[in-house]
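Student: A predicted structure for the sequence below; I have some questions about it.
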Amino acid sequence: MLRRTKIVATLGPASSDQKVLEQMIRAGVDVVRMNFSHGTAQDHMARADKVRAAAKAAGRTIGILADLQGPKIRVRKFENGKIELNKGDAFILDASLDGLGNQQRVGLDYKELPNDVEVGTVLLLNDGMLEFHVTGVNGTEVHCIVVRGGVLSNNKGINRKGGGLTAPALTDKDKEDIKTAALIKADYLAVSFPRSADDMKMARQLMLAAGGNSLLMAKIERAEAIPVLGEIIDACDAIMVARGDLSVEVGDAAVPGLQKKMIKMARAKNKLVITATQMMESMITNPIPTRAEVSDVANAVLDGTDAVMLSAETAVGDYPVETVEAMARICISAEEETEDSSADRRLDHNKFTRVDQSIAMSALYAASHFKVKAIVALTQSGSTALWMSRVNAGTPIFAMTPMEATLSKVTLFSGVHPIAFTSNSKDYSVTLRQAEDELARLGMVEEGDLIVMTVGESIGMTGHTNTMKIVRVGDYRKN
């Protein structure tokens, strides 16, 4: 069975070995996430080369997601690496402290924190494990009382409950890293902590200025992003439901509902969506997932996410290959429960403004009424395949294109499978037959199968898809 939901895996020490990476790709990884919080530009270039070499060895097309670090809203380091705080302890977050922290105070990477808080502000540290209430601000010092204690170690993150920190989404480091992402031809660029559509528009301008064409992804992890979610989605190509920081800022109980809302909204706007954070967390140290993790991944699939993402599980975990295998198995099982065509319902409510979009929807409509083996989109930009992927028609979609950039971008599209294909004919009917033969050669279809194909009469022109045909494989040879 061709899996519809895509798997994104984070590259790290556990997956840096060429053989392990190749095994992960064979196990089902579709997109590799490169975390720009770690490494130099040269490191990123070397990793991108390694990913593409592993993909070639595995005989698959793999996308690359460059994930920007974003603002460092963190404490600095301690004399002994960590301290333990108890409920009722007084503690100072000191923006002017350059030295190492101690039991009474610690420095800050984020120097604007004293300007962003007031008496009564609730600060959550280390992914919400510790809770501080601000009792006063004295110059560069934020005086706090510990409400929920625990161990606080070097470089742990700080969130303000309910949002409100003014740190810009794009730091100077991010702006340089965008140039690197363009240089390595990353397929997707993820922007951390965007607060508005303007953050995404700026990232796009910087990417274009650097000569790149990455699709833009907004990581939804700030409370401020929720009220303007529609505007942010309109300004980007994809979103990530980044449940870690988002959970800390809005409260863990709110996240499941927000996840469903974000997935539904993104798909309605013809945008992609990744569900991320702690999906298979226990497999960092265990060879099998917990039942709760299985349900979490399955529910994201049932919600209609394009992709599910692994972070520490494949970056530093003990079982990177086994984790991918387990996630792929869960996705396939969940998809078997969602094979009810919703094409008719979607078509009833859609208004089409482009010819190629109406052709895409027509192909889905036809596929939902016939026993179709495959939908084939001969495409230059991948737009036709994207529109098709917004509806679960229960039929695999093959994006056949000569464009290398398009092949790697569609790796994130739900239900879409990239196939490199070049036609030597300007006659679209000949091109369709050649595509049919290629699918048969690859074992994707057999003689007698019914397939739906879309193509532009002007072969090789972007945005010119204007033809849909229902074809029985092998019939042209009989005529």
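Tutor: Alright, I've got the coordinates. Numbering: from 1, shown residues only.
Student: mind checking how far the closest residue to V250 other than its chain neighbours is from V391?
Tutor: Closest residue to V250 in three dimensions, ignoring its sequence neighbours and counting by C-beta to C-beta, 6 or more residues apart in numbering: A223, at 5.2 Å. The way it works is simple: take the backbone N, C-alpha and C, and place the C-beta from them, glycine included. Computed as C-beta to C-beta, to the nearest Å, the A223 to V391 distance reads 32 Å.
Student: And for the closest residue to A27 other than its chain neighbours, the neighbour number?
Tutor: Nearest in space to A27, with sequence neighbours left out and distances taken as C-beta to C-beta, 6+ apart, is V324 at 4.1 Å. Here the count is done by other C-beta atoms under 10 Å, and V324 has 25 residues near it.
Student: Pull the contacting residues for V324.
Tutor: I7, A9, M24, A27, G28, V29, L310, T314 (C-beta atoms under 8 Å, 6 or more residues apart in numbering).
Student: Equivalent analysis for M202, please.
Tutor: Neighbours of M202 in contact, by C-beta under 8 Å, 6+ apart: L170.
Student: which ones among the contacts of V324 are found in helices?
Tutor: Using DSSP state H, the subset of the contacts of V324 located in helices is M24, A27, T314.
Student: What's the local residue count around the last one?
Tutor: The number of residues packed around T314, counting by other C-beta under 10 Å, is 31.
Student: what does the one 5 residues further on give?
Tutor: Summarising burial for Y319: neighbours were counted as other C-beta under 10 Å, giving 19.
Student: Helices along the stretch 351-479 of the chain, start to end?
Tutor: 355-369, 383-389, 404-409, 428-441, 475-478 (DSSP state H, counting those that start in this stretch).
Student: can you point me to the longest helix in this structure?
Tutor: helix 41-58.
Student: pLDDT averaged over the next helix or strand after that helix - what is it?
Tutor: Once helix 41-58 ends, the next helix or strand along the chain (criterion: DSSP states H and E) is strand 63-67. Across strand 63-67, the average pLDDT comes to 98.
Student: ok, the helix or strand following strand 63-67: who's next to it in the sheet?
Tutor: The helix or strand immediately downstream of strand 63-67 is strand 82-85, counting by DSSP H and E. For strand 82-85, the paired strands and their directions (DSSP bridges) are strand 150-153 (antiparallel).
Student: neighbouring strands for the helix or strand following the strand it pairs with, and are they parallel or not?
Tutor: Past strand 150-153, further along toward the C-terminus, the next helix or strand under DSSP H and E is strand 158-160. Applying DSSP bridges to the sheet, strand 158-160 is found paired with strand 122-125 (antiparallel).
Student: What's the first helix or strand after the partner strand?
Tutor: Moving toward the C-terminus from strand 122-125, the next element (DSSP H and E) is strand 130-138.
Student: which of the residues in stretch 11-27 are buried?
Tutor: Of the residues in stretch 11-27, those buried by neighbour count under the rule 16 or more other C-beta atoms under 10 Å are L11, G12, A14, S15, L21, E22, Q23, M24, I25, R26, A27.
Student: right, and the pair among these with maximum separation?
Tutor: Within these, two members stand farthest from each other by C-beta to C-beta: G12 and R26, at 18.6 Å.
Student: Export only the CA atoms of stretch 197-212, formatted as PDB.
Tutor: Extracted in PDB, the C-alpha atoms of stretch 197-212 (Å, rounded to 0.1, in the frame of the first residue of the first chain):
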ATOM      1  CA  ALA A 197       1.800  37.500   8.400                       C
ATOM      2  CA  ASP A 198       4.500  40.200   8.100                       C
ATOM      3  CA  ASP A 199       7.100  37.800   9.600                       C
ATOM      4  CA  MET A 200       6.400  35.300   6.800                       C
ATOM      5  CA  LYS A 201       6.400  38.000   4.100                       C
ATOM      6  CA  MET A 202       9.800  39.200   5.300                       C
ATOM      7  CA  ALA A 203      11.100  35.600   5.300                       C
ATOM      8  CA  ARG A 204       9.900  35.200   1.700                       C
ATOM      9  CA  GLN A 205      11.500  38.500   0.600                       C
ATOM     10  CA  LEU A 206      14.800  37.400   2.200                       C
ATOM     11  CA  MET A 207      14.600  34.000   0.500                       C
ATOM     12  CA  LEU A 208      13.900  35.500  -2.900                       C
ATOM     13  CA  ALA A 209      16.700  38.000  -2.500                       C
ATOM     14  CA  ALA A 210      19.100  35.100  -1.700                       C
ATOM     15  CA  GLY A 211      18.100  33.500  -5.000                       C
ATOM     16  CA  GLY A 212      16.100  30.600  -3.300                       C
END
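Student: Closest one of the buried residues of stretch 11-27 to I288?
Tutor: Distances from I288 to the buried residues of stretch 11-27, taken by C-beta to C-beta, are shortest for A27, at 14.8 Å.
Student: pLDDT score assigned to that closest one?
Tutor: For A27, pLDDT reads 97.
Student: Likewise for the one 4 residues further on?
Tutor: Model confidence at V31, expressed as pLDDT, equals 98.
Student: can you check Y365 too?
Tutor: 87.
Student: Show me the shaky parts of the stretch 151-300 of the chain.
Tutor: Applying pLDDT under 70 to the stretch 151-300 of the chain flags no residue at all.
Student: what are the phi and psi values for A218?
Tutor: Main-chain torsions, A218, degrees, to the nearest 10: phi -100, psi 120.
Student: Tell me what it is bridged to.
Tutor: Here A218 sits in beta bridges with V191, I239, going by DSSP bridges.
Student: Burial check on it, number of neighbours?
Tutor: Residues near A218, counting by other C-beta under 10 Å, number 29.
Student: In contact with it, which residues?
Tutor: A218 neighbours (C-beta under 8 Å, 6+ apart): 190-191, 194, 199-200, 225, 232-233, 235-236, 238-240.
Student: do that again at 10 Å, thanks
Tutor: By C-beta atoms under 10 Å, 6 or more residues apart in numbering, A218 lies in contact with 169, 190-194, 196-197, 199-200, 203, 225, 229, 232-233, 235-240, 242, 266, 271.
Student: For the residue nearest to the spatial centre of the chain, which three-state class applies?
Tutor: Centroid check for the chain by C-alpha atoms, centre = their mean gives I274 as the closest residue, at 4.0 Å. Judged by DSSP: H, G, I helix; E, B strand; the rest coil, the three-state class of I274 is strand.
Student: Contact partners for it?
Tutor: Counting by C-beta under 10 Å, 6+ apart, I274 has contacts 6, 8, 31, 33, 65, 188, 190, 217, 219, 238-242, 263, 266, 300, 305-309, 412.
Student: Who are the packing partners of the helix or strand where A182 lies?
Tutor: Applying DSSP H and E as the criterion places A182 in helix 172-183. When contacts are defined as 3 or more C-beta pairs under 10 Å, 6 or more residues apart in numbering; DSSP states H and E, helix 172-183 packs onto helix 41-58, strand 63-67, strand 188-191, helix 197-209.
Student: can you tell which of the ones you listed is closest to K82?
Tutor: Shortest distance between K82 and those, using C-beta to C-beta, is found for strand 63-67: 26.7 Å.
Student: Listing partners with orientation, what would you give for the closest one?
Tutor: By DSSP bridges, strand 63-67 pairs with strand 31-35 (parallel), strand 188-191 (parallel).
Student: Can I get stretch 311-331 in CSV, CA atoms only?
Tutor: C-alpha atoms of stretch 311-331 as CSV (Å, rounded to 0.1, in the frame of the first residue of the first chain):
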residue,chain,number,x,y,z
SER,A,311,12.5,15.3,16.3
ALA,A,312,14.8,13.9,19.0
GLU,A,313,13.6,10.4,18.1
THR,A,314,15.7,10.4,14.9
ALA,A,315,18.2,13.1,15.9
VAL,A,316,19.5,11.6,19.1
GLY,A,317,17.4,8.5,19.7
ASP,A,318,18.7,5.0,20.1
TYR,A,319,16.2,3.6,17.5
PRO,A,320,16.0,6.0,14.5
VAL,A,321,15.2,3.3,11.9
GLU,A,322,12.7,1.4,14.1
THR,A,323,10.9,4.7,14.9
VAL,A,324,10.4,5.5,11.3
GLU,A,325,9.2,1.9,10.6
ALA,A,326,6.7,2.2,13.5
MET,A,327,5.4,5.5,12.4
ALA,A,328,4.9,4.3,8.8
ARG,A,329,3.0,1.3,10.1
ILE,A,330,0.7,3.4,12.3
CYS,A,331,0.0,5.9,9.4
